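K.L.:
Provided below are the primary sequence and the corresponding predicted coordinates.
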Amino acid sequence: MVIIAGGSGKRLWPISTENKPKPFLNLFKEKNLIKATYERAKLISTDIYMVVNIKHKNYVRNLPSEKIYETIGKNTAPAIALASLFLDDEDIMVVLPADHVIPETNKFERVIKKAIDFANKNNALLTLGLKPTYPETGYGYIELGEKVEEGVYKVIRFHEKPDNQKAIEYLERGNFLWNSGIFVWKNRTIKSAFLKFLPEDYMKISILKEHIGKDFFEKKIEEVYKDIKSISIDKGILEKAENIYVIPSDFQWSDIGSWESLYNIFPKDEMENHIIGNVKTIDVKNSLILNYSNKETIVIDEENIIIVITKDKILISRKGSSSKVKNII
């Protein structure tokens, strides 16, 4: 099990920051997202690896696992390549992003075990897809191809995050799934894919294997990372490879990638608002208002808005537009 938590969570500004990004925030009181991910991983295996930025090591020190500390964030492909050095060729790698909410752990466990069984028997790069329930523009999509066995399909192609019109089209066509970012494959299979599609970068990362366990390992990672591309596993490999499969999954899932996704999860009042903190409203509907400061806040005659207030920062946005904050941050 490989948990990756190297992102900065810019779209959840102002509470998600470079020093404390979203996997380490207590958004749901009981536990932060990375601890919830860790507990899901334990349902499958006790062999757990975490790829975390070294500046966040204090947030994961109490989670028993093998820690792999990146010194520079270079997106998911280098993180997965680095993790592959710690596994044997015949091991199954399950990649879990640390910013998901999956309350139905029994369904999750059942799907992951099916994926592991398929990956064990096939030269497959496998992902989990979720049936869209609304035209989400903040997720990537997977276009379903032919069924290869019960519950497993070939992937025609991956699609980037769409605009609203395209998202509505995907929803209506019915053969598109949200790309969960959860992956399952044999370590030998993903290493072969790296050597085919990102050979130069993977060879540079592979040199790190001889330094595992040594005091200067993180320093060596920094030296290598300075000289490789920052690229996602989707763009680097999955959009190019042919042996891509997907399991349509029915567990409740959300990628906490925006304030809109949090609004969809949070409970609502009779006006379809979710409000936290010292806030008074008049005729406000369908909105998310989070006041983490001691400022008295009054909102009047608004609909479909997002307001997030901290001690020294304020975000105000229309719903559907809050992700644009990453362009500023």
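P.N.:
Cool, got the structure.

K.L.:
what's the burial count for the residue lying closest to Lys154 once chain neighbours are set aside?
P.N.:
Using CB to CB, 6 or more residues apart in numbering and skipping the chain neighbours, the partner closest in space to Lys154 is Gly145 (3.7 Å). For every residue, glycine as well, the C-beta is placed using N, CA and C. Using other CB atoms under 10 Å, the number of residues around Gly145 comes to 15.

K.L.:
and the helix or strand Gly145 falls within, how far from the chain's centre?
P.N.:
Per DSSP states H and E, Gly145 falls inside strand 141-149. Put simply, strand 141-149 sits 21 Å off its chain's centre (CA atoms, centre = their mean, to the nearest Å).

K.L.:
follow-up on the earlier one: the residue nearest to Lys154 against Val152, yeah?
P.N.:
No. Contact criterion CB atoms under 8 Å: Gly145 and Val152 do not qualify, at 10.7 Å.

K.L.:
and the strand holding Gly145, average pLDDT?
P.N.:
Strand 141-149 shows a mean pLDDT of 96.

K.L.:
again with stretch 48-65
P.N.:
Stretch 48-65 carries an average pLDDT of 95.

K.L.:
in that stretch, what's buried?
P.N.:
Ile48, Tyr49, Met50, Val51, Val52, Asn53, His56, Tyr59, Val60, Leu63, Ser65 (16 or more other CB atoms under 10 Å).

K.L.:
how about those residues, which pair is most distant?
P.N.:
Greatest spacing in the buried residues of stretch 48-65, by CB to CB: Ile48 and Asn53 (17.5 Å).

K.L.:
tell me the strands beside the top strand by length along the chain, with direction?
P.N.:
When the chain is scanned for its longest strand (criterion: DSSP state E), the result is strand 176-186. Strand 176-186 pairs in its sheet with strand 92-97 (antiparallel), strand 125-130 (antiparallel), strand 141-149 (antiparallel), by DSSP bridges.

K.L.:
can you put these in a markdown table and add distance to Gly73?
P.N.:
As requested, these are exported to a markdown table (distance: least, CB to CB, whole Å):
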| stretch | distance to Gly73 |
| --- | --- |
| strand 92-97 | 14 |
| strand 125-130 | 22 |
| strand 141-149 | 25 |
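
K.L.:
out of those strands, flag the one nearest Lys186.
P.N.:
Of all the strands paired with strand 176-186, it is strand 92-97 that lies closest to Lys186, at 5.8 Å by CB to CB.

K.L.:
where does the stretch 151-300 of the chain have low pLDDT?
P.N.:
By pLDDT under 70, the stretch 151-300 of the chain has no low-scoring segment.

K.L.:
what is the neighbour count of Ile314?
P.N.:
Ile314 has 13 nearby residues by other CB under 10 Å.

K.L.:
now do the contacts for it.
P.N.:
Pro14, Ile307, Val308 (CB atoms under 8 Å, 6 or more residues apart in numbering).

K.L.:
where strands are concerned, which of these count?
P.N.:
Mapping the contacts of Ile314 onto strands (DSSP E) picks out Ile307, Val308.

K.L.:
between the contacts of Ile314, which is nearest Phe216?
P.N.:
Among the contacts of Ile314, and counting by CB to CB, the member closest to Phe216 is Pro14, at 36.3 Å.

K.L.:
and the strand holding Gly145, what's buried?
P.N.:
The neighbour-count check on strand 141-149 (16+ other CB under 10 Å) flags Tyr141, Ile142, Glu143, Leu144 as buried.

K.L.:
I'd like the next helix or strand past that strand.
P.N.:
strand 152-159.

K.L.:
pretty sure Leu290 is touching Asn278, no?
P.N.:
No. Look at Leu290 against Asn278 with CB under 8 Å: they stay out of range, at 11.1 Å.

K.L.:
tell me which of those two has more neighbours.
P.N.:
The neighbour comparison of Leu290 against Asn278 (other CB under 10 Å) goes to Leu290, with 23 against 14.
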